[in-house]
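Asker: Predicted structure and sequence below. I'll ask about it afterward.
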Amino acid sequence: MPEPSSFCTMCTHTCYFEFIGLAYSLSIHHPGAKFYCMLDTKTKEELDSLTLKPNLNMIVKVTLDKYSNKNRNTMVHEKIWDEFQMQKANVIKYALENEMDTMFLDSDILFLNPITCINKTNEIALSPHFTKKQNTNEVGYYNGGCLWTKNKNIPDDWIEFTKTSRYHDQASLEDLAKKYSYQEFGKEINFMPWRVIVGDNPQEVVNSININNNQVNIGSKPLVFLHTHFHDQRFVQVNNIFINALRKLKRYKELLIIDRIINKNWTLKIPKQPQEGIWRHANDSFRELALL
């Protein structure tokens, strides 16, 4: 099955470091892909200042300054949280003005493999939470941070259904699934720590994470992308499972991106001198630099 024709996201400066990580990891596994982005001015400035540019065809529109420097609690208090979330629908609409289809991704996503499982005979593809029914009854069966579509009517329907949704942009995805032909992504796509934290069988979920055929797998399938906040203390234990697996596999590109997300910059380490072995010298020529 083919990959998406394009990708899209939205982000304000509060999460710019995650957005940069998404762009870098997407450029590794989908080099040259079209990537539509709705940002605020500060995030656009962060993107423009990058010395190492992501290998993507990035189409950027600055539309989110209204939401700059506001976290979720602030926007809920100001009653603009749903309006902000529906910028997801607007960036999908923006992408579909020019593309046959697009995949929306939250900015806190890290690609480990290309996504090549899109069944384009359907009109929408959705990602189940794979958590307890009690949890999905509250927050929605599908995750609002991962959605593929080719139908230009879906963004407007998503906005309309969210007006009466029991839980913001997520529960309204169930209404889209009732109206349109849809594909459900498997567990190897859009893995979230919530599957462990509020899953039916947390240990079974942890046990499903394994290394095989030089890949981090979920069950028998390679993990396509991880959806997590690396700064969230609730997710540290789960995140470390994946970080340790990537270290074993020597997946240094993804590890560098994770380090940049965590530190919000590339980290340089200057080794102590003099070095032993073939690196030995008397500080009269150069120092070795390592990018962590």
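Answerer: On my side now, so go ahead.
Asker: Point out where the chain drops to low pLDDT.
Answerer: 1, 271, 273-275, 277-292 (pLDDT under 70).
Asker: which strand of it spans the most residues?
Answerer: For the chain, the strand with the greatest residue count under DSSP state E is strand 142-149.
Asker: Look at stretch 30-46 and report the distance between its end residues.
Answerer: With CA to CA, to the nearest Å as the measure, the ends of stretch 30-46 fall 22 Å from one another.
Asker: Next, give phi and psi for the residue positioned nearest the centre of the chain.
Answerer: Compute the mean C-alpha point of the chain, and by CA atoms, centre = their mean the closest residue is Ile109, 1.6 Å away. Backbone torsions of Ile109, given as degrees, to the nearest 10, read phi -120, psi 140.
Asker: Give the full set of residues in contact with it.
Answerer: Counting by CB atoms under 8 Å, 6 or more residues apart in numbering, Ile109 touches Leu22, Ser25, Gly145, Cys146, Asn190, Phe225, Leu226, His227. Glycine gets a C-beta too; all of them are placed from N, C-alpha and C.
Asker: now it: how far from Asn143?
Answerer: Distance of Ile109 to Asn143, given as CB to CB, to the nearest Å: 11 Å.
Asker: thinking again about what came up before, which secondary structure elements does the helix or strand that the longest strand of the chain is followed by contact?
Answerer: For strand 142-149, the succeeding helix or strand toward the C-terminus, using DSSP states H and E, is helix 154-162. Other elements packing on helix 154-162 under the criterion 3 or more CB pairs under 8 Å, 6 or more residues apart in numbering; DSSP states H and E are helix 87-96, helix 168-179.
Asker: Figure out which of these is closest to Asn214.
Answerer: The closest approach between Asn214 and any of the helices and strands packed on helix 154-162, judged by CB to CB, belongs to helix 87-96 at 33.0 Å.
Asker: What is that closest one packed up against?
Answerer: Applying 3+ CB pairs under 8 Å, 6+ apart, one finds that helix 87-96 makes contact with strand 7-11, strand 34-39, strand 102-105, strand 142-149, helix 154-162.
Asker: Strand 7-11 and that helix, what's the angle between them?
Answerer: 140 degrees (axes from the mean of the first three to the mean of the last three CA atoms, to 10 degrees).
Asker: Could you tell me the angle between helix 87-96 and helix 168-179?
Answerer: Using the same axes, to 10 degrees: helix 87-96 against helix 168-179 is 50 degrees.
Asker: Go through the contacts of Ile109 and flag which are in helices.
Answerer: Among the contacts of Ile109, the members falling in helices (DSSP state H) are Leu22, Ser25.
Asker: Pick out whichever of the contacts of Ile109 sits closest to Val198.
Answerer: Closest approach between the contacts of Ile109 and Val198, by CB to CB: His227, at 14.5 Å.
Asker: Can you pull the phi/psi pair for the nearest residue to Asn119 once chain neighbours are set aside?
Answerer: Distance criterion CB to CB, 6 or more residues apart in numbering; nearest residue to Asn119, sequence neighbours excluded, is Gln183 at 4.8 Å. Backbone torsions of Gln183, given as degrees, to the nearest 10, read phi -110, psi 140.
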